[in-house]
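[1] Just a sequence and a predicted model for now, questions to come.
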Amino acid sequence: MARLSRRAFAWAALSTLTSAAPGAAAAARRPHRAATEMRGMWLATVSNRDWPSRAGLTASDQRRELTDILDRAVHFRLNTVMLQVRPTADALWPSPYEPWSQYLTGTQGRNPGWDPLGVAVKEAHARGLRLHAWFNPYRIANHTDPGRLVASHPARKHPDWVVRYGGKLYYNPGLPAVRAFVEKAILDAVARYPVDAVHFDDYFYPYPVAGQTFDDDDAYDAHGAAFSSRAAWRRDNIDKLVTETAAGIRKLRPGTRFGISPFAVWRNAATDSRGSDTRAGVETYDDLYADTRKWVLKNWIDYVVPQVYWQIGNSAADYAEVVDWWAGVARGTGTRLYIGEALYRAGAAGAPAAWQDPAELSRHLTLAGRYAEVGGHVYFAAKEVAADPLGALSRVAADHYRQSATPPD
């Protein structure tokens, strides 16, 4: 009941905004912003989504594009960049464990002639931006042919580590050797560079694909005997990845943070009374085997950024409800809560009508600002920050980011 009453309060506040005189509404849209808050953006490199604009650019052109993106973040008074540095079991730094990413040169394993992660950290810090290094733990390739991987790739040296599923290749999270290798590959970057945080997104076990089975029978037979079900064993595998990565970060670089950005629905209330009042088709606990709620409650991570990529009033997953639920989960814990925002949906063809309104994102910040637990927002993604579709981010900056804010420690 308490959660519903807070949600009703948020709705009442929004109703006041829409019915008030224009001047009053504009003033109400600009609540006092904290001097310290997360204002982040994701910078995706997989499939050259955000950067580099295409594989094979010269090192100087890649560097220029990167600094232009950082400058664009500063323009909108953002203060943090989540740079994807390990998109497909590869690296955007000279890793001794994994090949150079194909998204740099077009050829996996080819040296691009510069150190993108090292430069990104330096250039971000020079602009007052924090740099969070974003890693995908288990995805190997967006195809199913190991022969297309560079000959030295660990997945070719250890074919027993690999699972084909949904048209992609994945490392098997159920193998302790895989988990140890993934952690070693990630922590190499932490040891080399003064990154401000290590960041995971929503990819743990892969999203379900109808009619297909993730074949981990052998791993389950070898390592799952102590668990009540395969699902419980899979969740424990991901729990171990999270806790061991956190411990490794603390040991190598104390003060560097660890954050995760999960799909925003842990479980629907119809599945579990502790879940959110949503009707999402995916639940992280049951489908991705990621017990995101537990990670927050147990303070295993420093921050969580649920991807609340729905509009206010969405029938299956209402932005207002999902933010309210996460605020309740984070309340009283040591885990900071930031909200992942779907800037990419602003003005997008086929997106619901709310996303054709340049004020939708600004309303999100107004609503979330009613919760003391919400410490900021992160926008997907850099390409849209540069393009500013519908002027939606300009509207956010005008309504909420009129002054700069210090990134959270």
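    That came through, no problem.
[2] list the buried ones in stretch 385-403?
    Buried residues in stretch 385-403, counted by 16 or more other CB atoms under 10 Å: 385-386, 388-390, 392-393, 395-397, 399-401. Using the backbone N, CA and C atoms, a C-beta is placed for each residue, glycine as well.
[3] burial measure for residue 128, as a count.
    With neighbours defined by other CB atoms under 10 Å, the count for residue 128 comes to 11.
[4] related to what we said a few turns ago, quick check, nearest of the buried residues of stretch 385-403 to residue 328?
    residue 400 (23.1 Å; CB to CB).
[5] Wait, the closest one touches residue 365, no?
    Yes - Residue 400 sits in contact with residue 365 when judged by CB atoms under 8 Å, with a separation of 4.8 Å.
[6] Heading C-terminal from the top helix by length along the chain, find the next helix or strand.
    Using DSSP state H, we find that the single longest helix of the chain is helix 230-252. Once the chain leaves helix 230-252, the next helix or strand it forms, by DSSP states H and E, is strand 257-260.
[7] helices or strands up against that following strand?
    Judged by 3 or more CB pairs under 8 Å, 6 or more residues apart in numbering; DSSP states H and E, the packing partners of strand 257-260 are strand 197-200, helix 230-252, strand 303-304.
[8] And the strands in the stretch 151-300 of the chain, which stretches?
    For the stretch 151-300 of the chain, applying DSSP state E, counting those that start in this stretch gives strands covering 162-165, 168-171, 197-200, 257-260.
[9] Of all those strands, which one is nearest residue 44?
    strand 197-200 (11.7 Å).
[10] Average pLDDT for the closest one, rounded please.
    Mean pLDDT, strand 197-200: 98.
[11] picking that back up, looking at the strands of the stretch 151-300 of the chain, which one is packed in the most?
    Mean neighbour counts were taken over the strands of the stretch 151-300 of the chain using mean count of other CB atoms under 10 Å, and the top value, a mean of 24, falls to strand 197-200.
[12] Direction included, what does that one pair up with?
    Take DSSP bridges as the rule and strand 197-200 pairs in its sheet with strand 130-135 (parallel), strand 257-260 (parallel).
[13] Which elements pack onto the helix or strand following the longest one?
    Spelled out, that is strand 130-135. Downstream of strand 130-135, the first helix or strand assigned by DSSP H and E is strand 139-141. Helices and strands touching strand 139-141, as assessed by 3+ CB pairs under 8 Å, 6+ apart, comprise strand 168-171.
[14] From residue 44, how far off is residue 161?
    As judged by CB to CB, to the nearest Å, residue 161 and residue 44 stand 25 Å apart.
[15] and if you look at residue 87?
    8 Å.
[16] likewise residue 136?
    10 Å.
[17] if you average pLDDT over the strand or helix carrying residue 120, what comes out?
    Using DSSP H and E, the element containing residue 120 is helix 116-126. Here helix 116-126 scores 98 as its mean pLDDT.
[18] What is the distance between it and the centre of its chain?
    Its chain's C-alpha centre and that of helix 116-126 lie 20 Å apart, by CA atoms, centre = their mean, to the nearest Å.
[19] And stretch 345-365, by the same measure?
    Put simply, stretch 345-365 sits 20 Å off its chain's centre (CA atoms, centre = their mean).
[20] which residues sit against that stretch?
    14, 17, 29, 308-309, 311-314, 319, 339, 341-343, 377, 384, 389-393, 395-396, 399-400 (CB atoms under 8 Å, 6 or more residues apart in numbering).
[21] Output the below-cut-off pLDDT ranges for the protein.
    For the chain, applying pLDDT under 70 flags the ranges 1-33.
[22] Make a markdown table from the helices and strands packed on strand 257-260 and add distance to residue 353 to it.
    Putting the helices and strands packed on strand 257-260 into a markdown table (distance: least, CB to CB, whole Å) gives the following:
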| stretch | distance to residue 353 |
| --- | --- |
| strand 197-200 | 32 |
| helix 230-252 | 37 |
| strand 303-304 | 30 |
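[23] So for residue 107, which of the ones you listed sits nearest?
    strand 197-200 (26.6 Å).
[24] The stretch 1-150 of the chain: helices as residue ranges?
    2-19, 22-28, 59-75, 102-105, 116-126 (DSSP state H, counting those that start in this stretch).
[25] who's in contact with the last one?
    This means helix 116-126. By CB under 8 Å, 6+ apart, the residues outside helix 116-126 that reach it are 62-63, 66-67, 70, 81, 83, 85, 92-93, 104, 130-131, 133, 189, 192-195.
[26] how about 7 Å then?
    For helix 116-126, contacts defined as CB atoms under 7 Å, 6 or more residues apart in numbering pick out 63, 66-67, 70, 81, 83, 85, 92-93, 104, 130-131, 133, 189, 193-195.
[27] Kindly report the same for stretch 129-138.
    Under the criterion CB under 7 Å, 6+ apart, residues 42, 70, 73-74, 79-88, 117, 120-121, 124-125, 170-171, 173, 182, 186, 189, 195-201, 203, 241, 259, 407 lie in contact with stretch 129-138.
[28] since we're on the nearest residue to residue 245 once chain neighbours are set aside, how many residues are nearby?
    Spatial nearest neighbour of residue 245, excluding adjacent residues (CB to CB, 6 or more residues apart in numbering): residue 183 at 5.6 Å. Residues lying near residue 183 (other CB under 10 Å) number 18.
[29] again with residue 311
    Residues lying near residue 311 (other CB under 10 Å) number 22.
[30] now swap in residue 238 and tell me
    Count around residue 238 with other CB under 10 Å applied: 23.
[31] repeat for residue 152
    Neighbour tally, residue 152, other CB under 10 Å: 11.
[32] repeat for residue 90
    Using other CB under 10 Å as the criterion, residue 90 is surrounded by 27 other residues.
[33] isn't it right up against residue 108?
    Yes - if you go by CB atoms under 7 Å, residue 90 and residue 108 touch, sitting 6.3 Å apart.
[34] Next, show the common contact partners of those two.
    Common neighbours of residue 90 and residue 108 (criterion: CB under 7 Å, 6+ apart): 99-100, 102.
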